[in-house]
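Participant: got a predicted structure here, sequence first:
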Amino acid sequence: MPTVKEILDSMDYGPAPESATEVLGWLATRGQFGHYIDGGFTVPADLFTTANPATGEALAEVSQGSTADITAAVAAARRALPKWAKLPGHERAKWLYALARQLQKRARFLAVLETLDNGKPIRESRDVDIPLAIRHFYHHAGWAELVETEFPGEAPHGVCGQIIPWNFPLLMLAWKVAPALAAGNTVVLKPAEQTPLSALAFAEICAEIGLPKGVVNIVTGDGRTGADLVAAPVDKLAFTGSTEVGRAIRRASAGSGKALTLELGGKSPFIVFEDADLDAAIEGVVNAIWFNQGQVCCAGSRLLVAEAIAAPFTRKLTARLQKLRTGDPLDKCTDLGAIVSPAQLARIRDLVSAGEAAGGELVQAEAQLPAAGNFCAPGLLLGTEPANPCWSAEIFGPIATMTSFRTPAEAVELANNTRYGLAATIWSENITLALDIAARVRAGVVWINGTNLFDAGAGFGGMRESGFGREGGREGMAAYLRAPTAKPRPEGAPGALDAAPHPGKPATGELSIDRTAKLYIGGKQARPDSGQSYRVTAKGHEIGLAPLGSRKDIRNAVEAAHKATGWGKTTGHNRAQVLYYLAENLAARQGEFEARLREMGADPAEAGATVARAFFYAAWADKFDGAVKSTQAAKVTLAVPEPFGVMGVVCPDAAPLLGFASLVLPAIAMGNRVVAVPSASMPFAATDLYQVFDTSDLPGGVVNIVTGAKDELAKVLAQHDDVAALWYCGEAQGRAMVETESAGNLKATWTLENRDWTQAQGREFLTRATQVKTIWVPYGA
Ligand code: NAI
């Protein structure tokens, strides 16, 4: 025991442990856990141990969920669904309130349990994880109340399969379960194998409050149980975890018709400009990368610091680093607890060693770490260049990389030099600069002069390989509801295309003039790379030749679309002007289009309907607004719908003009540039549009058209890393192919069946053409 004088001399903290007695007592009485299925716990079977990462001691034994367990849980959720979905929103709200209240009553118990199972400091589980989880249930109780009026006509997906990671076990459960239940879905949730205990405690709470059986089911187990849940007959899948597993889930569920949202990894930039409040930014770093031992998907793990302040910043940060206390997670004075598992610790060490070997200089806190348990001292890897493995790989531990930059443009380039796009932090006292950078970083969430801010009312989720879909707020609710599905119509997909014998020349005798359409790339008509055309016939007669586009043509079209960056940046008003002009020009030529449609055997009424559609989306171009969210004090949280960038749009075969317009127009109205594959059997309505585009001030590259074999071209678009989103209308086989092939860069896909295109317009199309960027800005502080 140190003397009082010694304590005053050193100013060291004394231990302030939180008591684990109650939780350990609970664990001792339970000992072994079964799954929570259909309102009761199953007999524990096929047990594995969950251990305390800080000591390695076993906490409890839980069951490895089998295929049969998943089948039973999904069946229970299915049985519970009709009644739950039909409950008036107000009744569902009561249940969500009851869950929130019960969690609140158990807050301390749950905080200790979470800390024991995960290794995170009690300060964080007590002040962050549990309060945010509770807030999530309260917030969504409100949504249950409002869902019928705020989302009229929409319905829950049905049974949701939800798979969560170990870094925020109860909070991730809340993010998944609360909106699902509020919307009227029932759920089967699989917690991570490293941290199943708070989900099991939550199951007990569901039982205690008498939540109707089968509405919530919890099945524990590892990735095999997760894979079984993905394969089970559920209606929606929601996953948070590694990009690798997210990709596997995308492939495994391709073509199943299951709705899917993925919240995956990140390597988020934390940008400090030279005019930043340095001390505040230093505390920001503490929160960005040393919160939860850096095991945070949106951790500010790549520090980008203006060269002019790099030296003082590094000095201050390394000094701060030495003051962090790593140790007993139950001690209220602990800043960093234990890493979740020995495997994760080994992974961190291996990656950091590789980063050092590649020239990074590691600075780590020097304080003694506890002898037992999975502890890792917080650190920085200085001088990390983009070629360093630690630049690109998610370390998922308390080590940030640090790199300096000279200009804001370079900062943006470095920030976006990643395959991820989850979050970004910007530190600057210059509001013009900060908001300019916020617009230019590719991230689903941007924090200005703050970091790791979360709220149930704000959307959270990524771009690029960080996944798709949002959790939280209205957009998070929308992900658990679906618009009424349009009645499918048979598509009558064309068979193999009949290549013309003489490339580019129509068969002699049948046509008086050469009617060979071209591709449209970068605002210019272009011959296909192959030089090949295919015959287009109607009622047994050849009516012309269309270019047989190939991989190379798609690549050229994507490149041209990429160059048309101005379209996404221009105002909605300017886009509206172009679309009005386009609508007028189309109206002036309506008769020609009607004749063309008639000639191809399509409905001539498509022409008039397409004119109307162009006016409709011209009207929308400057009105699809975002929102200002009320989240935390002294903050304003903006939800800005942003275009994806370059989109692929593969159009229905059956409605050659209206189907094309119904998909391409909303996409460009929102600022996307499009590579479109029109109807293969009736391509001329689309290729005739070139003249309309050329006379309507549509900038070159905004719409590119490649005709040819639909699924061949769709596959190239799906695999293309520079295509951010892909819409595909077609048969089941093509839809499955597109979803499978898009897993490479995890592009957002929308696969739909042919339908009555006269009804196909509205907000759903605009929502699908955008992704929400959530920007947190200091306000009224
Ligand atoms: P993981 O992605 O394997 O685990 C997340 C969840 O997915 C767990 O519940 C797991 O059982 C389940 N799962 C695993 N394989 C599955 C499959 N084939 N089908 C369905 N579900 C499956 O993450 P892991 O291995 O624990 O961590 C590895 C790395 O992933 C970390 O170092 C970190 O870089 C990243 N990660 C990212 C997270 C995030 O929040 N974005 C969370 C956890 C990990």
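Facilitator: Good, I have the coordinates.

Participant: the stretch 551-700 of the chain: strands as residue ranges?
Facilitator: Taking DSSP state E, counting those that start in this stretch as the criterion, the stretch 551-700 of the chain contains strands spanning 627-629, 635-643, 646-650, 673-677.

Participant: what angle sits between the longest one and strand 673-677?
Facilitator: Okay, so that is strand 635-643. Here strand 635-643 points in a direction 40 degrees away from that of strand 673-677 (axes from the mean of the first three to the mean of the last three CA atoms, to 10 degrees).

Participant: can you give me the helices in the stretch 151-300 of the chain?
Facilitator: 169-183, 197-209, 223-231, 243-253, 278-289 (DSSP state H, counting those that start in this stretch).

Participant: for the shortest one, name the packing helices and strands.
Facilitator: To tie it back to what came earlier, the one meant is helix 223-231. Under the contact definition 3 or more CB pairs under 8 Å, 6 or more residues apart in numbering; DSSP states H and E, helix 223-231 sits against helix 67-86, strand 159-163, strand 186-190, helix 243-253. (Glycine included, C-beta is placed from N, CA and C.)

Participant: for Ala411, find the nearest of these.
Facilitator: helix 243-253 (24.2 Å; CB to CB).

Participant: do that closest one and the ligand meet?
Facilitator: Yes: counting by CB under 6 Å from any ligand atom, the ligand is contacted by helix 243-253 at 245, 248-249.

Participant: which of those residues has the most neighbours?
Facilitator: Scoring these on neighbours with other CB atoms under 10 Å, the highest-scoring entry is Ile249 at 25 neighbours.

Participant: circling back: could I get the helices and strands packed on helix 223-231 as TSV with mean pLDDT?
Facilitator: Converted to TSV, the helices and strands packed on helix 223-231 look like this (pLDDT from 0 to 100):
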stretch	mean pLDDT
helix 67-86	98
strand 159-163	99
strand 186-190	99
helix 243-253	98
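
Participant: and of the ones you listed, who's closest to Thr3?
Facilitator: strand 186-190 (52.0 Å).

Participant: and Glu18, how many neighbours does it have?
Facilitator: Glu18 has 19 neighbours, counted by other CB under 10 Å.

Participant: that one contacts Cys333, doesn't it?
Facilitator: No: between Glu18 and Cys333 there is no contact under CB atoms under 8 Å: 10.7 Å.

Participant: so what sits against both of the two?
Facilitator: When contacts are counted by CB atoms under 8 Å, 6 or more residues apart in numbering, the set common to Glu18 and Cys333 is empty.

Participant: the domain parsing of this protein - what is it?
Facilitator: 20-264+478-482, 269-461, 549-634+642-771 (automatic domain parsing).

Participant: can you say which of the ones you listed is nearest to Ala496?
Facilitator: domain 549-634+642-771 (7.7 Å).

Participant: for that closest one, what is the distance to the chain centroid?
Facilitator: Relative to its chain's centre, domain 549-634+642-771 lies at 22 Å (CA atoms, centre = their mean, to the nearest Å).

Participant: give me the distance between the two termini of it.
Facilitator: Distance between the two ends of domain 549-634+642-771: 30 Å, counting by CA to CA, to the nearest Å.

Participant: residues in contact with the residue in the chain that the ligand sits nearest to?
Facilitator: Relative to the ligand, the nearest point of the chain is Gly226 (2.2 Å; CB to the nearest ligand atom). Residues in contact with Gly226 (CB under 8 Å, 6+ apart) are 163, 190, 245.

Participant: now do the last one against Ile448, distance only.
Facilitator: Using CB to CB, to the nearest Å, one obtains 32 Å as the distance from Val245 to Ile448.

Participant: now the first one
Facilitator: Noted for Ile163: a distance of 32 Å to Ile448, by CB to CB.

Participant: neighbour-wise, which of these two wins?
Facilitator: Ile163 (25 against 22).

Participant: the more buried one contacts Thr240, doesn't it?
Facilitator: Yes: Ile163 lies in contact with Thr240 (CB under 8 Å); the separation is 7.4 Å.

Participant: shared neighbours, these two?
Facilitator: Counting by CB under 8 Å, 6+ apart, Ile163 and Thr240 have no contacts in common.

Participant: can you pull the buried residues of stretch 629-648?
Facilitator: 629, 631-632, 635, 637-648 (16 or more other CB atoms under 10 Å).

Participant: for stretch 97-107, the averaged confidence score.
Facilitator: Averaged across stretch 97-107, the pLDDT comes to 98.

Participant: tabulate the CA atom coordinates of it in CSV.
Facilitator: C-alpha atoms of stretch 97-107 as CSV (Å, rounded to 0.1, in the frame of the first residue of the first chain):
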residue,chain,number,x,y,z
TYR,A,97,-40.8,1.1,-24.4
ALA,A,98,-41.0,-1.9,-22.1
LEU,A,99,-37.7,-3.2,-23.5
ALA,A,100,-36.1,0.2,-23.1
ARG,A,101,-37.3,0.6,-19.5
GLN,A,102,-36.1,-2.9,-18.6
LEU,A,103,-32.7,-2.2,-20.1
GLN,A,104,-32.5,1.0,-18.2
LYS,A,105,-33.3,-0.8,-14.9
ARG,A,106,-30.6,-3.3,-15.6
ALA,A,107,-28.1,-0.7,-17.0
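
Participant: report the buried residues of that stretch.
Facilitator: Across stretch 97-107, burial judged by 16+ other CB under 10 Å covers 97-104, 106-107.

Participant: and of those, the nearest to Asp12?
Facilitator: Relative to Asp12, the closest of the buried residues of stretch 97-107 is Ala107; by CB to CB it sits at 29.5 Å.

Participant: not including adjacent chain positions, what is the nearest residue to that closest one?
Facilitator: Among residues not flanking Ala107 along the chain, Ile130 sits closest, at 5.0 Å (CB to CB, 6 or more residues apart in numbering).

Participant: so what would you say the end-to-end distance of stretch 672-685 is?
Facilitator: 22 Å.

Participant: stretch 147-161 now?
Facilitator: End-to-end distance for stretch 147-161, by CA to CA: 21 Å.

Participant: got the residues of this structure near the ligand?
Facilitator: Counting by CB under 6 Å from any ligand atom, the chain sits next to the ligand at 163-167, 190, 192-193, 222-223, 226-227, 230, 240-242, 245, 248-249, 264-265, 297, 344, 347, 394, 396.
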